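In: sequence first, predicted coordinates after that:
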Amino acid sequence: MKHKLKINLLSSWGDHAIGLMIGLFLMPFVLNTVGDGQYGLWLFICSIAGYSGLLNMGFGETISRFVAHHHAKDDMNRINQVVNVIGAVYLVICTLVVAAAGLIAWLAPYIYDWGSTPIHELRWVFLLLGLNVAVGIVGNIFGGVLVGLQRMDLERGFRSVSGIFRLLMTLAFLRQEQALLTLAWIFLATTLIENCGHMYLMFRQLPGLRFSPKFWNFATLKECSSFSVFALLDGLAGKMIDATDTIVIGVVFGSRYIVPYYVAHRLTAFIVQPLQIIGLVAMPRGAELEAGARDDRLRVLVRKGLGLSFLMMGGFFIGAWFFGGHVLDAWIGHGYAESHTLLLVLLAAQVIATPMHVLRGVLFGMGHVKVPSILYIIEAFANLGLTLLLVKPFGLLGVALGTAIPIILVELTVMMPYALSKLGYRMPEFVRTVLTPQVLPLVALWGYSMFVSTTWPLGPGWIPVLLVSAGGGIVLGSTWLAVHAFNRSSTQRAVLGGT
């Protein structure tokens, strides 16, 4: 099982590395091809369309959780019931999604000022994005089963394939003319390929899986719904935090002003996503361990996941503080200096939020979904309220602060104590075993970054940035290994002395 956990983490990080390289190249390519105005409009439309993803009703996470739980007990009949009941719900939802996309396409001229973009193009864009959402909702079944089986190596592997396909299609077909329509077609084609691959892999890994009305069961629907309603709240909160800022900026200032904020937001996502994967991997693992009542293994999982997340996020924040401006210049080009300040604000919040994502994943796997989901939705509405309050007086910085302040307050003062109590962790033990071992490596990285930034001015381009990043990684990693080795030897000496 430990081997499987490592495979899932490594494959997920491999998928993210491929996605990161694609994104680092593709975003400036699309931006330079279509311009700030068209790209900002595309981001605005996608932010609105992103909310329709909530129509999965939280059942994607539900499938993963219950498949992991029942697979640990070798109960194939219960797995078939869960998958078929949720599949039937999804077919109804997809029909409604396509109908809603058609209605929005028809009403498009009356709901927003789309500038110079032709209405007939926008209507096709909304229809294609609606189909994309419908395909993605059905695909949650296939990907959810693979995650529940803890075969994220297969699920992420095919995602990497579809990401490479999207890159090649964008390079081949994107032009300034009808750019939005081209992007919508590419997104739909990519989603189709990804989910067809996941469906094939699902049946290969679970030959006993069947789709049949005989597995429809009201009791199973009720059981799944009791979990999914809170997973839905969690997803709604995530969408609000992720997409609301873009919508607010587009409505208040216009779509062109979305780009500087989105640059910082996107770079933050590149940094955070591989660490959030720890929480995603921990969720089915937590369900499996909970089914076997392995509390000791859960505590080890939490300790290692939290420590790694805090160490890496602290390291990225330090790197962004000293060298974030150079990264933005190498990636997007000059003219986005404001994005550096926004990046620091967003990353500061994630130093707290990303480790808590690990705790949330473990709690979800154990079935404790109510309180984390309610706290997350409170955080999301506070984000929206503060953003609306601060956007006018402080501009884009106000939007970033509106995001960061609720995250820090809710996660640090409420979510952390609740999660630790559920896992049987006392705060002094948490500080000693999770936080303290990361302090010296982060101090060493801060000293290295300060020394380099004051004695070796970075030149233009990626090579200086990569060299400095590699040096920082060596300093952080070697110091952490030294601290880890010292703590382990001290523990061994204490055990020997006690005997």
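Out: Perfect, thanks for sending it. Predicted, not measured: the structure shown is a model, and the values here were computed from it. Numbers count the residues shown, from 1 in each chain.

In: report the residue ranges of every domain in this structure.
Out: 1-216, 235-435 (automatic domain parsing).

In: so which of those domains comes closest to Arg488?
Out: domain 235-435 (12.4 Å; CB to CB). (C-beta placed from N, C-alpha, C; glycine too.)

In: now that closest one: how far from the chain's centre is it?
Out: Computed by CA atoms, centre = their mean, to the nearest Å, the chain-centroid distance of domain 235-435 equals 9 Å.

In: in the helix or strand hosting Thr354, what's buried?
Out: Following DSSP states H and E, one finds Thr354 within helix 338-366. By neighbour count with 16 or more other CB atoms under 10 Å, helix 338-366 contains the buried residues 338-340, 342-366.

In: what's the answer for stretch 440-457, then?
Out: Buried, per 16+ other CB under 10 Å, within stretch 440-457: Pro441, Leu442, Ala444, Leu445, Trp446, Tyr448, Ser449, Val452.

In: Leu154: what's it in contact with?
Out: Leu146, Leu201, Gln205 (CB atoms under 8 Å, 6 or more residues apart in numbering).

In: now do the SS call for Thr170.
Out: Three-state call for Thr170 (DSSP: H, G, I helix; E, B strand; the rest coil): helix.

In: pLDDT on the helix holding Thr354, on average?
Out: Averaged over helix 338-366, pLDDT sits at 85.

In: buried sites along the helix or strand following that helix?
Out: Going down the chain from helix 338-366, the next helix or strand is helix 370-394, by DSSP H and E. Buried residues in helix 370-394, counted by 16+ other CB under 10 Å: 372-373, 375-377, 379-380, 382-384, 386-388, 390-391.

In: same question, stretch 108-121
Out: Going by neighbour count (16+ other CB under 10 Å), the buried part of stretch 108-121 is Ala108, Tyr112, Trp114, Thr117, Glu121.

In: and these, which is closest to Gly402?
Out: For those, the nearest to Gly402 is Tyr112 (22.5 Å; CB to CB).

In: residue nearest the centroid of the chain?
Out: The centre of the chain sits closest to Gln273, judged by CA atoms, centre = their mean, with a distance of 4.9 Å.

In: what about that one, is that helix, strand or coil?
Out: helix.

In: look at it and report its pLDDT.
Out: 77.

In: give me the mean pLDDT for the helix or strand where Val251 lies.
Out: Secondary structure assignment for Val251, by DSSP H and E: helix 218-253. Per-residue pLDDT over helix 218-253 has a mean of 74.

In: start the count at 14, not 1, going forward
Out: Will do, 14 is the new start, and the previous item becomes helix 231-266.

In: who touches Val447 in this structure?
Out: Val447 makes contact with Arg316, Leu319, Gly320, Phe323 under the criterion CB under 8 Å, 6+ apart.

In: pLDDT score assigned to the last one?
Out: Reading off the confidence values, Phe323 has pLDDT 89.

In: what's near enough to touch Trp493?
Out: If you count contacts by CB under 8 Å, 6+ apart, then Trp493 has Leu324, Pro450, Gln451, Pro454 around it.

In: revised request: answer the last question for Ala121.
Out: So Ala121 contacts Trp127, Ile132, Leu135, Arg136, Phe139 (CB under 8 Å, 6+ apart).

In: with Ala112 as the reference, measure out to it.
Out: Note on Ala121: its distance to Ala112, by CB to CB, to the nearest Å, is 15 Å.

In: ok, back up a step: pick the one among the contacts of Trp493 closest to Ile271.
Out: After measuring the contacts of Trp493 against Ile271 - CB to CB - the closest member comes out as Leu324, at 32.4 Å.

In: which non-adjacent residue is nearest that closest one?
Out: Gln451 (4.4 Å; CB to CB, 6 or more residues apart in numbering).

In: just to revisit the earlier point, which one of the contacts of Trp493 is nearest to Asn145?
Out: Of the contacts of Trp493, the one sitting nearest to Asn145 (CB to CB) turns out to be Leu324, at 36.9 Å.

In: and that closest one, what element?
Out: Short version, using DSSP H and E: Leu324 is in helix 308-344.

In: list the buried residues of that helix.
Out: For helix 308-344, by 16+ other CB under 10 Å, it's 310-312, 314-344.

In: before we move on, what about stretch 28-40?
Out: Asp28, His29, Ile31, Gly32, Leu33, Ile35, Gly36, Leu37, Leu39, Met40.

In: which members of these occur in helices, if any?
Out: Using DSSP state H, the subset of the buried residues of stretch 28-40 located in helices is Asp28, His29, Ile31, Gly32, Leu33, Ile35, Gly36, Leu37, Leu39, Met40.

In: mind putting those residues into TSV with pLDDT and distance to Gly415?
Out: Shown next, in TSV, are these (pLDDT from 0 to 100; distance: CB to CB, whole Å):
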residue	pLDDT	distance to Gly415
Asp28	72	31
His29	64	27
Ile31	78	32
Gly32	73	27
Leu33	69	27
Ile35	78	30
Gly36	73	25
Leu37	72	27
Leu39	79	28
Met40	75	24
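
In: and the residues you listed, which is closest to Gly472?
Out: Taking CB to CB as the measure, Gly472 sits nearest to Leu37 out of those, at 18.8 Å.

In: residues in contact with the closest residue to that closest one other than its chain neighbours?
Out: Excluding the flanking residues, the one nearest Leu37 by CB to CB, 6+ apart is Trp344, at 6.1 Å. Shown in contact with Trp344 (CB under 8 Å, 6+ apart): Leu37, Met40, Pro41, Leu280.

In: report how many residues lie close to the nearest residue to the second one once chain neighbours are set aside.
Out: If you skip the residues right next to it in sequence, Met40 has Arg279 as its closest partner in space, 6.4 Å away by CB to CB, 6+ apart. Neighbours of Arg279 under the rule other CB atoms under 10 Å: 19.

In: so what pLDDT did Arg279 get?
Out: 83.

In: quick check: it vs Thr195, distance?
Out: 20 Å.

In: repeat for Gly176
Out: 17 Å.

In: thinking again about what came up before, list buried residues within the contacts of Leu167.
Out: Among these, the ones that count as buried by 16+ other CB under 10 Å are Leu159, Leu214.

In: list just the nearest of the contacts of Leu167 to Lys235.
Out: Distances from Lys235 to the contacts of Leu167, taken by CB to CB, are shortest for Leu159, at 25.2 Å.

In: check contacts around that closest one.
Out: Leu159 neighbours (CB under 8 Å, 6+ apart): Met165, Leu167, Glu168, His211, Leu214, Met215, Gln218.

In: mind checking pLDDT for it?
Out: Looking at Leu159, the pLDDT reads 85.

In: perfect, I'm done here.
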